[in-house]
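J.: next one to model:
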Amino acid sequence: MFLRANVTIEKATIYIILENEDEDSYSFRIENTLPDVTIRAYQVGTDENLGFLMEPQTQKPFSWISPVKDKIVNIDFNFHDHGFKTESKMLSLDKINLKYRFAFAPTDILLHQAAPKKVITADVFVEKSTKVLKFTSGKDEELANEPPKPKNDLTDIKMIVEVKIRRLGISLIGNVQRQRRELIYIFLRSLKVVYVDFHIAHELNCVVRYFNTDNNSTLQSIYPVLITPTNVQAILQEKIPVFQFSIQVSKDSKQILQINSLHFQLAKLIFRAEDFTISYLFEFFAPILANFRQSKKNELSLFFEADELSKPKPEWITTEKIFANISGKLFYLKRLDVSAIRLNTTFLHTYRRKGTETNQLFNSMTSSLGVALTNLDEAPLRLNSLALRDVFDNQAGLSLKLFNHYQEAIIKSIFKLLGSINILGNPVGLFKNLSSGISDLIEKPLKGFEKGALEGSLGIVEGASSLVKNTLSGTINSLNKISGSLATGLSSISMDQEFQMDRERRRVQRPNDVFEGVGQGLGSLWVGIERGVEGVLTKPLQGARETGTTGFLKGAFQGITGFVVKPVAGLFDAASKVTEGMKNSVTKFDVKPREERVRPMRAFYSRERYYKQYNHIDADVVTLVNSIKKGKYSQTSFVEALQMITESNAPERSFCFVATTEFLFLLSKTTKTLHWIVEVSNIQNVQLETSRLCIYLKAPTRKIQSTVVMLFSRDVQILEYALKVIQNVLSMLKEEVIMIRSMI
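T.: So this is what the prediction gives:
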């Protein structure tokens, strides 16, 4: 009886499935077509008496006696011709489509001179799901005793298809938080795809020189770049590609999928995100995953649902799904090379609205605790490289091999993640900086003295400076992370949504050096003190206006809490800004990952937020409008932007007219400042005159003392188009008013 043992994974459980093999599904079979040789086959390292004896012109199934030992088969050739002695050969059944040739000489010297050598050929191939080792009589003595040579003639090329893309951008747009957004923008540079059709194989190669993913979920993001290579300088100089993939599939094997080679290489990346970015991506992909689950709903599962417990159960737990995995199409993977996957992870917990007023205090406390325990700073995640040779298995078997290889690395990475928590000062990062400095202090002088005394002296200076720099940057970075985490936790306790939102806007501003750090730090301290004092006076009154006595008591509690918490949070924010500025001054000339978006965020139009082909001018304008007065106009819907050129010889006086659903802006293109702003509801009439467009207001404003503002342009068509845009905005306002009145 032959027994097959299959190992598979289903829902985080490892199953060992034992089943009898029948004649059509033997794992191995040995065929002896030799007319005068008896063969005994047994596994190396086991008792030969447990082997399989095959007479001439017979075949038998074969199996491993001890699966944990080397899977090498020993073949004893017993010649019926007494002039030849019994000889043994060891063969591996891992590789397929190979041909072994053995030459055997007679033992008798006289017979040796008269009789020719016996040549036996051994072929390893696949027939359905069975590996077959077939022995036949050979005739070509010149190739006897040569090592096996696979068919690998890749000189006969039938077709080559090569695609080169200099720049490729992919926008991921979806409805998140009831608003259409461009969540991420994937940018690829120097993409090259080559397909080669050989006479015996297909080959596909893909190379990406540069890769970057922008975080466009919101403009006020602390980390505008989601994923980018760490060594940008080397990649942009095209020394190394950021991504490389190649696969070659053989045409010879009809019974199985034979992959001659599979290569995957990925450069070291850094991943930086805030919590809301991850939340948006989960929300975007949730319907896709739900549809996928729905498509799998009718498939039999290993475990029954609660409402299915009353149905008749089979004799054994339903295993159709598991057996489908282990009996899937077989493939032969000759060579697999996966480079080490290295990813530095930064995660930041930010302010988010959550919870109701009744449990706001509890949510604030848990939020501050979550901030302290979840903020990570460049936590290293490393999965070691993987190399597999001659894998003959199905999809489930390969998945198990990958799982066994990577599970230990993932467990180690979890401990490194814990060591990179900000509240602890990122001890992993500190140790990395210190070890790098000490390593440079030792290695640079040694390498220098190998070349000469002068180079050795320079090596001492470089090593000492590296030690000082890495020690300072590591220590300052730890202080920065501790103070920043404490400030974020305290701001959550304040229960002041406006204060937390304002703090998030200030965190987006990153100091480039110690001077900017001191300036921004003093600003954060002043805001904390100001908001703390202001809250004591305004919060009780605000609460009383909203909900009466209950609101007054609640506001008084918030005000007193904020009076204590906000100045302390401001103090920690100040310390965080100063230390961040100091760290950036120390590491100013170091190679750093990209920290700015590849291109401005996409513009969405009107209240419906429809999108069209990307327009760089519109994107710049939307970014500028959202930055005016700390994001005061970020909620208005963009409609159109027009360049208003007033004089051909004075480009510095060129302006950009911007129309939104609620406001009209005139911005300076050069200074990026606001020239004037008009509310759409305050517009009385619009008239087109010679070389100007007059916008008449219902009443003057604080900054516009007159009741008319004008747009100038040398191009009359631009003014005519601006008139249509304003009329369109006014008609949208009238439709909204009519709709509101009808609802009332």
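J.: pLDDT (mean, whole number) over the helix or strand harbouring F271?
T.: Assigned by DSSP states H and E, F271 falls within strand 269-274. The pLDDT scores in strand 269-274 average 90.
J.: what are the pairing partners of it, and which direction each?
T.: Neighbouring strands of strand 269-274 in its sheet, by DSSP bridges, are strand 225-229 (antiparallel), strand 341-348 (parallel).
J.: got CSV for these, with mean neighbour count, distance to D70 and mean pLDDT too?
T.: Backbone N, C-alpha and C define where each C-beta goes, glycine included. Below are the strands paired with strand 269-274 laid out as CSV (neighbours: other CB atoms under 10 Å; distance: least, CB to CB, whole Å; pLDDT from 0 to 100):
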stretch, mean neighbour count, distance to D70, mean pLDDT
strand 225-229, 22, 42, 93
strand 341-348, 19, 30, 86
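J.: ok, V729 touching E679?
T.: No - with contact defined as CB atoms under 8 Å, V729 does not count as touching E679 (11.0 Å).
J.: what ranges do the helices span in the stretch 151-300 of the chain?
T.: Using DSSP state H, counting those that start in this stretch, the helices assigned to the stretch 151-300 of the chain run over residues 232-236, 275-295.
J.: which of those helices sits closest to K447?
T.: helix 232-236 (20.1 Å; CB to CB).
J.: just send the strands paired with strand 269-274 back as CSV, with distance to S713 too.
T.: Formatted as CSV, these follow (distance: least, CB to CB, whole Å):
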stretch, distance to S713
strand 225-229, 38
strand 341-348, 45
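J.: wait, which of these is closest to L188?
T.: Of all the strands paired with strand 269-274, strand 225-229 sits nearest to L188, with 12.1 Å by CB to CB.
J.: neighbour count winner among V729 and E679?
T.: V729 (22 against 13; other CB atoms under 10 Å).
J.: bridged to the spatially closest residue to Q258 that is not a sequence neighbour, which residues?
T.: Nearest non-adjacent residue to Q258, counting by CB to CB, 6 or more residues apart in numbering: S250, 4.0 Å away. Note on S250: beta-bridge partners by DSSP bridges are A201.
J.: list the contacts for S250?
T.: By CB atoms under 8 Å, 6 or more residues apart in numbering, S250 lies in contact with N97, I200, A201, Q258, I259, N260.
J.: for V527, find the nearest of the helices of the stretch 151-300 of the chain.
T.: The nearest among those, by CB to CB, is helix 275-295 at 22.3 Å.
J.: in the closest one, what's buried?
T.: D275, F276, T277, Y280, L281, F284 (16 or more other CB atoms under 10 Å).
J.: just the strands in the stretch 551-700 of the chain please.
T.: Under the criterion DSSP state E, counting those that start in this stretch, the stretch 551-700 of the chain contains strands at 638-644, 655-660, 663-668, 674-679, 683-689, 692-697.
J.: and the fourth one, what's its mean pLDDT?
T.: Model confidence over strand 674-679 averages 88 on the pLDDT scale.
J.: would you turn the helices of the stretch 151-300 of the chain into CSV with distance to R602?
T.: Conversion of these to CSV gives the following (distance: least, CB to CB, whole Å):
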stretch, distance to R602
helix 232-236, 23
helix 275-295, 15
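J.: looking at these, which one has the lowest mean pLDDT?
T.: helix 232-236 (a mean of 72).
J.: ok, S63 - contacts?
T.: Neighbours of S63 in contact, by CB under 8 Å, 6+ apart: F2, L3, S27, F28.
J.: if you set the cut-off to 6 Å instead, what comes out?
T.: S63 is in contact with F2, counting by CB atoms under 6 Å, 6 or more residues apart in numbering.
J.: check it and give its pLDDT.
T.: On the pLDDT scale, S63 is placed at 87.
J.: still on that earlier bit, between the strand holding F271 and helix 275-295, how big is the angle?
T.: Angle, strand 269-274 to helix 275-295, by axes from the mean of the first three to the mean of the last three CA atoms, to 10 degrees: 100 degrees.
J.: what comes into contact with strand 269-274?
T.: For strand 269-274, the surrounding residues in contact (CB under 6 Å, 6+ apart) are Y223, L226, I227, P229, T230, L343, N344, T345, T346, L348, T350, P593.
J.: skipping adjacent residues, who's closest to W526 in space?
T.: Per CB to CB, 6+ apart, closest to W526 is G570, 7.3 Å.
J.: ok, that neighbour to G484 distance?
T.: Using CB to CB, to the nearest Å, we find G570 at a distance of 12 Å from G484.
J.: between those two, point out the one with more neighbours.
T.: Shown here are G570 and G484; by other CB under 10 Å, G570 has more neighbours (27 against 24).
J.: hey, where'd the helices end up in this structure?
T.: 109-114, 232-236, 275-295, 320-326, 360-374, 395-418, 427-451, 453-493, 497-508, 514-547, 549-586, 616-627, 716-743 (DSSP state H).
J.: what's the angle from the longest one to helix 427-451?
T.: If you take the same axes, to 10 degrees, helix 453-493 sits at 170 degrees to helix 427-451.
J.: angle of helix 453-493 against helix 514-547?
T.: Using the same axes, to 10 degrees: helix 453-493 against helix 514-547 is 10 degrees.
J.: give the rounded mean pLDDT of helix 453-493.
T.: On average, helix 453-493 scores 77.
J.: which residues are in contact with L330?
T.: Counting by CB under 6 Å, 6+ apart, L330 makes contact with S129, I256, N394.
J.: with adjacent residues omitted, what lies nearest to it?
T.: L330 sits nearest to I256 (CB to CB, 6+ apart), 4.7 Å away.
J.: how much space separates the one you found from V391?
T.: Taking CB to CB, one finds I256 at 12 Å from V391.
J.: higher neighbour count, those two?
T.: I256 (20 against 16).
J.: mind listing the strands for the stretch 1-150 of the chain?
T.: Using DSSP E, counting those that start in this stretch, the strands found in the stretch 1-150 of the chain span residues 3-10, 13-20, 28-32, 37-43, 52-54, 58-62, 72-79, 87-92, 98-104, 118-127, 130-138.
J.: how about those, which one is nearest I740?
T.: Going by CB to CB, the one of the strands of the stretch 1-150 of the chain nearest I740 is strand 3-10, 56.4 Å.
J.: and the closest one, average pLDDT?
T.: 70.
J.: now swap in stretch 565-575 and tell me
T.: What stretch 565-575 shows for mean pLDDT is 83.
J.: who touches it?
T.: With contacts defined as CB under 6 Å, 6+ apart, stretch 565-575 is touched by 483, 486-487, 490-491, 493-494, 521, 524-525, 527-529, 531-532.
J.: just the contacts of strand 269-274 now: which is nearest E455?
T.: Looking across the contacts of strand 269-274 and measuring by CB to CB, the closest to E455 is T230, at 28.9 Å.
J.: count of neighbours near the closest one?
T.: The burial count for T230: 18, using other CB under 10 Å.
J.: nearest residue to the residue nearest the centre of the chain in space, please, no chain neighbours.
T.: Central residue of the chain (CA atoms, centre = their mean): I227, 6.6 Å from the mean position. With sequence-adjacent residues excluded and distances taken as CB to CB, 6+ apart, I227 is closest to T213, at 4.1 Å.
J.: tell me the bridge partners for the one you found.
T.: Here T213 sits in beta bridges with I186, I227, as judged by DSSP bridges.
J.: please report the distance of it from Q265.
T.: In terms of CB to CB, T213 sits 19 Å off from Q265.
J.: with I411 instead?
T.: Going from I411 to Q265 by CB to CB gives 24 Å.
J.: what about the two, which has more around it?
T.: Between I411 and Q265, counting by other CB under 10 Å, Q265 is the more crowded of the two (18 against 9).
J.: list the contacts of that one.
T.: Each residue near Q265 by CB under 6 Å, 6+ apart is listed here: Q244, S339.
J.: I'm done for today, thanks for sticking with me.
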